[in-house]
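K.L.:
sequence? don't have it. structure:
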C-alpha cells in the first residue's frame with residue numbers, strides 16, 4: 001500500500017533540527033522520500049508499506065516535533081470512481 005503523509009511540525013522547530021528530522025525520516029523503513037514544502041504543511045512523505053501504513057504513521061506522529069499528520073492513501077482509478 002502506498003500513501004502520502006502531509007506533516008505539520010511545531011512552530012518552534014529550528015532549521016537544523018528540521019534537517020535532522022527529515023534525514024531521520026528518510027532512513028525509516030517504508031519511507032520512499034521526504035520533501036519539505038511550504039503552505040499548510042511542512043513536509044510530504046511518500047510511504048510504501050507491504051500491508052498497512054498505520055504503524056508507520058503512529059511512529060511518525062509520536063515524534064515530539066510533529067503537530068499533525070494527514071494520510072492520503074493512493075488508490076486505483078477504479079476504487080476512486082466507486083467512492
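P.N.:
Perfect, I can see it now. Remember, it's a predicted structure, so these values are computed and weren't measured experimentally.
K.L.:
show residues contacting the longest helix seen in the chain.
P.N.:
The longest helix of the chain (DSSP state H) is helix 15-27. The list of residues contacting helix 15-27 from outside it, by Cβ atoms under 8 Å, 6 or more residues apart in numbering, reads 9, 13, 31, 33-34, 36, 42-43, 45, 60, 63, 65. C-beta here means a position set from N, CA and C on the backbone, and glycine is covered the same way.
K.L.:
where does this structure dip in pLDDT?
P.N.:
Filtered on pLDDT under 70, the chain yields the residue ranges 51, 79-83.
K.L.:
please repeat the previous calculation with a cut-off of 90.
P.N.:
Under the criterion pLDDT under 90, the flagged ranges of the chain are 1-2, 29, 48-56, 73-83.
K.L.:
would you map the strands across it?
P.N.:
Secondary structure of the chain (DSSP state E): strands located at 2-9, 31-36, 43-48, 66-73.
K.L.:
parallel or antiparallel, list what pairs with the first one.
P.N.:
The reference is to strand 2-9. In its sheet, strand 2-9 lies beside strand 43-48 (antiparallel), strand 66-73 (antiparallel), with partners assigned from DSSP bridges.
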